[in-house]
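Participant: Kindly return the folded structure for what I paste below:
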Amino acid sequence: MLTGLYGAGFLGRKIGQAIDAPFIFVDDTPAKLGTVIDGHEVTNLDLFAARAPAEPLVLYVCIYQPGFSYLNKRAEIHARYPDLDVRPFTRLFHAAASSVLPYLFFEAPARLREKLGRYEYISQLFSDDLSRSTLSGHLAFRLTGEFEQIVSSARRDVPFLLDALSPAVTYIDAGAFDGDTAEEFVSMTGGRFGHLCLVEPDANNIARAQQRLAGLVQPDRVTFRQEAVSDVRGMMGFNALGSVGSALDAGAEDQVNTALLSDFDKEGQLYFKLDIEGAEVPALRASLDFIAARRPFMAISVYHRPDDLLDAMTLLEGIDGYRFYLRCHGPAGEDLMLYAIPA
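Facilitator: Residues are numbered from 1 along each chain as shown. Reported below is the predicted structural model:
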């Protein structure tokens, strides 16, 4: 049997380095065709599929990016090669490449099963059935690796949030990237907000956000701050990749200013979106007194670490007057968001 890893990028190489059995990379990038990466041949899908029926083929899709759908990619491949055995990279997580774990929210199934009782407890704290089915589907996906288990919904399908926001709300987009979620917020609210504050430590991302929002929002209604929300004030190492992967890193040479949630306080209703590459829980922990006093609306990313959701709920459940909702806005289990809505 000939094994192919579809995707010779970060995830594919990481998985490949953990596999002892021989394989080849399959990649769509023309410049990679015919090269050797980490000691493995790189070919394209057509040349890989052409090796059948001389030998059985299995192709693991090792791509995991925002907006990428494994199910759509599998359907696309099967439309061209119906008999090709296509599998998700999660199958390798549970077998030949288990040493890669933990990776984002993925962890060994045995470890996850030990926590199911805690997940059942927080499930009862959610305010609607869709939150509970979102959680159960996400857990089933993590346990089985089957993308079909995911329950996802559109980012704008959050009536519990939109119906409660004031027309004068201040929206603090922490981890604003290139302004994509701020742009969607403007669209979702129909422009009914007081002020936007985009917080993004990567200068290249800030520049792209400014271009994206130019002409969409009046200049006096938007602020751009090149900072990182964290659990301390000061300076911290930062890897500026100009992508969604830009993140704080104590060992990095580049430095960026860090701030607490309370540093963005402003009179009136506050709404924080926290998507800060795994720093969400420490940022919440450092600002619990501020959260309890001001009770802002919050949308918190809980998919960068295996225990993000458990840890965030442990911190927030003790604050009176919040209702909690869970939504998965990504087709592949990413963008799992915990919404904390003041009653």
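Participant: can you pull out the strands in the stretch 1-150 of the chain?
Facilitator: Shown for the stretch 1-150 of the chain, the strands assigned by DSSP state E, counting those that start in this stretch span residues 2-6, 24-26, 36-37, 40-43, 57-61, 85-88.
Participant: how about CSV for the ones you listed, with distance to residue 217, mean neighbour count and mean pLDDT added?
Facilitator: For glycine as for every other residue, the C-beta is placed from the backbone atoms N, C-alpha and C. As requested, the strands of the stretch 1-150 of the chain are arranged in CSV below (distance: least, C-beta to C-beta, whole Å; neighbours: other C-beta atoms under 10 Å; pLDDT from 0 to 100):
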stretch, distance to residue 217, mean neighbour count, mean pLDDT
strand 2-6, 40, 22, 96
strand 24-26, 43, 24, 98
strand 36-37, 43, 14, 97
strand 40-43, 44, 19, 96
strand 57-61, 38, 21, 97
strand 85-88, 39, 18, 97
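Participant: Now distance to residue 154 too, for those, in CSV please.
Facilitator: Listed next are the strands of the stretch 1-150 of the chain as CSV, based on distance: least, C-beta to C-beta, whole Å:
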stretch, distance to residue 154
strand 2-6, 27
strand 24-26, 31
strand 36-37, 36
strand 40-43, 36
strand 57-61, 24
strand 85-88, 23
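Participant: Domain ranges for the chain, per the record?
Facilitator: For the chain, whose domains are defined here by automatic domain parsing, the residue ranges read 2-100, 119-342.
Participant: Can you give me the first-to-last residue distance of the last one?
Facilitator: For domain 119-342, the first-to-last residue distance is 22 Å (C-alpha to C-alpha, to the nearest Å).
Participant: cool, and stretch 160-176?
Facilitator: Distance between the boundary residues of stretch 160-176 (C-alpha to C-alpha) amounts to 22 Å.
Participant: hang on, residue 263 packs against residue 230?
Facilitator: No: using C-beta atoms under 8 Å as the test, residue 263 is too far from residue 230 to be in contact (10.3 Å).
Participant: higher neighbour count, these two?
Facilitator: residue 230 (22 against 15; other C-beta atoms under 10 Å).
Participant: Not counting sequence-adjacent ones, nearest residue to that one?
Facilitator: residue 258 (3.9 Å; C-beta to C-beta, 6 or more residues apart in numbering).
Participant: you'd agree the one you found is up against residue 237?
Facilitator: No: the criterion here is C-beta under 8 Å, and residue 258 misses it with residue 237 at 10.2 Å.
Participant: The two: who's more crowded?
Facilitator: Each of residue 258 and residue 237 had its neighbours counted (other C-beta under 10 Å), and the higher figure belongs to residue 258 (21 against 14).
Participant: So what sits opposite that one in the bridge?
Facilitator: As for beta bridges, residue 258 partners with residue 228, residue 234 under DSSP bridges.
Participant: same deal with residue 341?
Facilitator: On DSSP bridges, the residues paired with residue 341 through beta bridges are residue 323.
Participant: longest single helix anywhere in this protein?
Facilitator: Among the elements of type helix in the chain, defined by DSSP state H, the one spanning the most residues is helix 129-144.
Participant: Give the rounded mean pLDDT of the next helix or strand after it.
Facilitator: The helix or strand immediately downstream of helix 129-144 is helix 159-162, counting by DSSP states H and E. Averaged across helix 159-162, the pLDDT comes to 98.
Participant: Quick check: which helices or strands does helix 159-162 pack against?
Facilitator: When contacts are defined as 3 or more C-beta pairs under 8 Å, 6 or more residues apart in numbering; DSSP states H and E, helix 159-162 sits against strand 322-328, strand 336-342.
Participant: on that earlier part again, quick one: closest of the strands of the stretch 1-150 of the chain to residue 120.
Facilitator: strand 85-88 (26.1 Å; C-beta to C-beta).
Participant: now that closest one: how far from the chain's centre is it?
Facilitator: 23 Å (C-alpha atoms, centre = their mean, to the nearest Å).
Participant: And for stretch 320-329?
Facilitator: Distance, stretch centre to chain centre, for stretch 320-329: 17 Å (C-alpha atoms, centre = their mean).
Participant: heads up, I number from 461, so please use that
Facilitator: Done: numbering now begins at 461, and the last item shifts to stretch 780-789.
Participant: if we look at that stretch, which residues are touching it?
Facilitator: 585-588, 590-592, 594-595, 597-598, 610-615, 617-618, 620-621, 755, 762, 769, 773, 776-777, 794-803 (C-beta atoms under 8 Å, 6 or more residues apart in numbering).
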